[in-house]
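Enquirer: give me a 3D structure for the following:
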Amino acid sequence: MAVLAASAMTVMSGCGDVDAAVGEKESAPSASPSPSWHSATLQDAARMYQEDFQALTAVDCSADCGPDLVRIFNAGLLLKDRMKESGTPEGVYDEPIHLFGELEKGFTAAAGMSGEARLPPMLGPARELNNWLTTNPVQ
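Expert: From the prediction side, this is the model:
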């Protein structure tokens with residue numbers, strides 16, 4: 001997971017203050033304390049993703065939201081990782097893992113864009129993943 005997160009930082013290097021985002025990736029912003037990314041459970045990862053999504057959609061990205069996009073991407077990576085490690089029957093998390101794949105494609109596409117143009121490729125899949133988590137709480 002660390003390699004993927006590091007590659008995410010590289011992909012977004014043209015999109016804002018990545019150094020700040022790297023420093024923030026270990027603790028997702030939230031009103032409640034977050035566990036370390038290394039000890040986060042599947043439930044923690046789902047909560048962290050949803051909190052980061054809420055924070056992303058609350059931000060005015062007309063200037064620069066690179067760190068916010070990196071944070072939601074990293075939260076998605078953690079969530080996908082925990083879903084794969086959860087030991088649930090095969091197929092249970094196929095839809096959210098597919099949605100993260102779409103988010104990843106949007107993240108890659110957004111790397112070559114600036115300002116508000118970066119949002120559409122990511123927000124659609126990020127919103128769909130958030131909606132899935134809202135209607136299908138993880139166990």
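
Enquirer: flag the shaky bits of the protein, pLDDT-wise.
Expert: When residues are selected by pLDDT under 70, those of the chain lie in 1-35, 59-64.

Enquirer: all helices of it, in order?
Expert: Using DSSP state H, the helices of the chain run over 2-11, 18-24, 42-58, 66-85, 94-110, 119-135.

Enquirer: just name the most buried of the ones you listed.
Expert: Comparing the helices of the chain by mean neighbour count (mean count of other CB atoms under 10 Å), helix 66-85 ranks first with a mean of 23. In short, each C-beta sits where N, CA and C put it, glycine included.

Enquirer: TSV for the helices of the chain, including distance to residue 36?
Expert: Converted to TSV, those look like this (distance: least, CB to CB, whole Å):
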stretch	distance to residue 36
helix 2-11	13
helix 18-24	14
helix 42-58	9
helix 66-85	11
helix 94-110	21
helix 119-135	21
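
Enquirer: mind listing what the spatially most distant residue from the centre of the chain touches?
Expert: What lies farthest from the middle of the chain is residue 89; by CA atoms, centre = their mean that is 23.7 Å. Shown in contact with residue 89 (CB atoms under 8 Å, 6 or more residues apart in numbering): no residues.

Enquirer: now it: phi and psi?
Expert: The phi/psi pair for residue 89 (degrees, to the nearest 10) reads phi -60, psi 150.

Enquirer: from residue 139, how far off is it?
Expert: In this view, residue 89 and residue 139 are 11 Å apart by CB to CB, to the nearest Å.

Enquirer: what of residue 73?
Expert: 24 Å.

Enquirer: try residue 102
Expert: Distance from residue 102 to residue 139, by CB to CB: 23 Å.

Enquirer: cool, thanks, talk later.
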